[in-house]
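In: sequence plus the predicted model coming up.
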Amino acid sequence: MEKIFYGKNENQFGELRLPDGDGPHPVALVIHGGFWRSGFGLDLMHDVAEDLTDNGWATWNIEYRRVGQEGGGFPGTLQDAAQAADYLKTLAEDHPLDLGKAVSIGHSAGGHLALWIAGRHRLPEDSEMYTTDPFPIATAVSLAGVNDLERMHDVHKFRDETLALEPNNPVADFVGGSPSEKAERYKQASPAELVPLGVPQILVHGSLDVHVPVGISDHYFQWAENLADFIKYVEISEAEHFMLTDTSTTAWARVMEEMDLLKEHL
């Protein structure tokens with residue numbers, strides 16, 4: 001494993017792992033979750049990255065600025081994810097990477113970023129995250145992803161109001177306000193607002209997920225399919241949120257089946 005900085009901030013780095021063999025290797029851009037908050041880091045995906053690498057993928061497990069850190073949240077977190085994806089072109093200059101077979105795969109908030117990276121070419125030119133030549137992702141894989149920011153915001157808002165809890169809305173913290181307050185930000189930051197992405201997508205979600213409701217992926221799938229995106233939806237009836245990145249579970253084995261298919265057919 002090699003730690004490489006893609007930017008100047010201490011959180012703008014990734015871990016590159018290469019499988020055995022000369023390559024060039026298909027690439028998995030691995031993105032951790034944690035609701036974009038500073039308490040969670042790329043170590044959450046160490047086992048995922050190692051298992052993917054053992055199965056023939058070069059992995060670029062990225063860190064990024066998060067809420068609670070200088071520059072984290074909107075737009076910095078998104079800019080970092082985009083910059084890390086674009087940095088694959090630089091990595092390929094010195095490492096045997098097959099950039100035509102580059103997949104983004106993320107869990108939870110990382111699933112949001114995996115889809116967003118694939119769809120950012122649809123951003124308007126006046127967006128703070130706009131780039132003229134974004135790195136093209138071949139397929140985006142979202143594991144229990146926060147694929148619709150407005151719906152996830154409303155889930156947390158309803159919970160807090162119904163249970164009379166102190167407000168704790170990670171989407172609002174990430175975007176910088178509610179959908180009514182920051183409508184344009186939600187349009188640019190939410191994968192659901194960028195559909196059709198024009199990039200193949202795979203959604204995997206556990207039916208027992210209490211952190212990101214399975215309905216988030218279910219609705220996104222229907223929306224994207226209706227708009228003619230090529231999208232596959234795998235709902236795992238016995239899985240909860242964290243099983244999708246626990247490499248000892250049958251849920252992860254199901255994810256690996258999808259990754260093996262991608263490796264064969266990209």
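Out: That came in fine, so what should we check first? Residues are numbered from 1 along each chain as shown.
In: span of stretch 180-192 from start to end?
Out: This stretch, stretch 180-192, spans 16 Å end to end (Cα to Cα, to the nearest Å).
In: which helix or strand contains residue 188?
Out: Secondary structure assignment for residue 188, by DSSP states H and E: helix 183-189.
In: hmm, who's touching that helix?
Out: Under the criterion Cβ atoms under 8 Å, 6 or more residues apart in numbering, residues 74-75, 78, 116, 123-124, 127, 129, 149-150, 174-177, 179, 193 lie in contact with helix 183-189. (Glycine included, C-beta is placed from N, CA and C.)
In: list the buried residues of that helix.
Out: By neighbour count on 16 or more other Cβ atoms under 10 Å, the buried set for helix 183-189 is 185-189.
In: so for that helix, what's the average pLDDT?
Out: The pLDDT scores in helix 183-189 average 98.
In: quick one: it to chain centroid distance?
Out: 17 Å (Cα atoms, centre = their mean, to the nearest Å).
In: helix or strand right after it?
Out: Counting by DSSP H and E, what follows helix 183-189 is helix 191-194.
In: just the pLDDT for residue 51.
Out: 98.
In: alpha carbons of the helix holding residue 188, in PDB - could you do that?
Out: Output of helix 183-189 as PDB, limited to C-alpha atoms (Å, rounded to 0.1, in the frame of the first residue of the first chain):
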ATOM      1  CA  ALA A 183     -32.100  24.600  -3.200                       C
ATOM      2  CA  GLU A 184     -29.300  25.100  -5.800                       C
ATOM      3  CA  ARG A 185     -26.800  23.400  -3.700                       C
ATOM      4  CA  TYR A 186     -29.000  20.300  -3.500                       C
ATOM      5  CA  LYS A 187     -29.500  20.300  -7.200                       C
ATOM      6  CA  GLN A 188     -25.700  20.200  -7.700                       C
ATOM      7  CA  ALA A 189     -24.800  17.900  -4.900                       C
END
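In: of the contacts of helix 183-189 - the most surrounded one?
Out: residue 116 (32 neighbours; other Cβ atoms under 10 Å).
In: quick check: it touching residue 192?
Out: No: in this structure, residue 116 is not within contact of residue 192 by Cβ atoms under 8 Å, at 10.1 Å.
In: measure residue 180 to residue 69 for me?
Out: Noted for residue 180: a distance of 27 Å to residue 69, by Cβ to Cβ, to the nearest Å.
In: same check on residue 58?
Out: 28 Å.
In: right, and residue 249 touches residue 240 too?
Out: No: the criterion here is Cβ under 8 Å, and residue 249 misses it with residue 240 at 9.7 Å.
In: which secondary structure element contains residue 4?
Out: Using DSSP H and E, residue 4 falls in strand 2-5.
In: strands paired with the longest strand seen in the chain, and their directions?
Out: Longest strand of the chain, by residue count under DSSP state E: strand 97-107. Note on strand 97-107: by DSSP bridges, its sheet partners are strand 25-31 (parallel), strand 139-143 (parallel).
In: export only the CA atoms of the following helix or strand past the shortest one, formatted as PDB.
Out: Using DSSP H and E, the next helix or strand after strand 139-143 towards the C-terminus is helix 149-162. As requested, the backbone C-alpha atoms of helix 149-162 are provided in PDB (Å, rounded to 0.1, in the frame of the first residue of the first chain):
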ATOM      1  CA  LEU A 149     -30.000  14.300  -0.400                       C
ATOM      2  CA  GLU A 150     -33.300  15.900  -0.100                       C
ATOM      3  CA  ARG A 151     -35.100  12.700   0.900                       C
ATOM      4  CA  MET A 152     -32.400  11.800   3.400                       C
ATOM      5  CA  HIS A 153     -32.600  15.300   4.900                       C
ATOM      6  CA  ASP A 154     -36.400  15.000   5.300                       C
ATOM      7  CA  VAL A 155     -36.000  11.500   6.900                       C
ATOM      8  CA  HIS A 156     -33.800  13.000   9.600                       C
ATOM      9  CA  LYS A 157     -36.000  16.100  10.000                       C
ATOM     10  CA  PHE A 158     -39.100  14.000  10.500                       C
ATOM     11  CA  ARG A 159     -37.400  11.800  13.000                       C
ATOM     12  CA  ASP A 160     -36.100  14.700  15.100                       C
ATOM     13  CA  GLU A 161     -39.500  16.500  15.100                       C
ATOM     14  CA  THR A 162     -41.500  13.400  15.800                       C
END
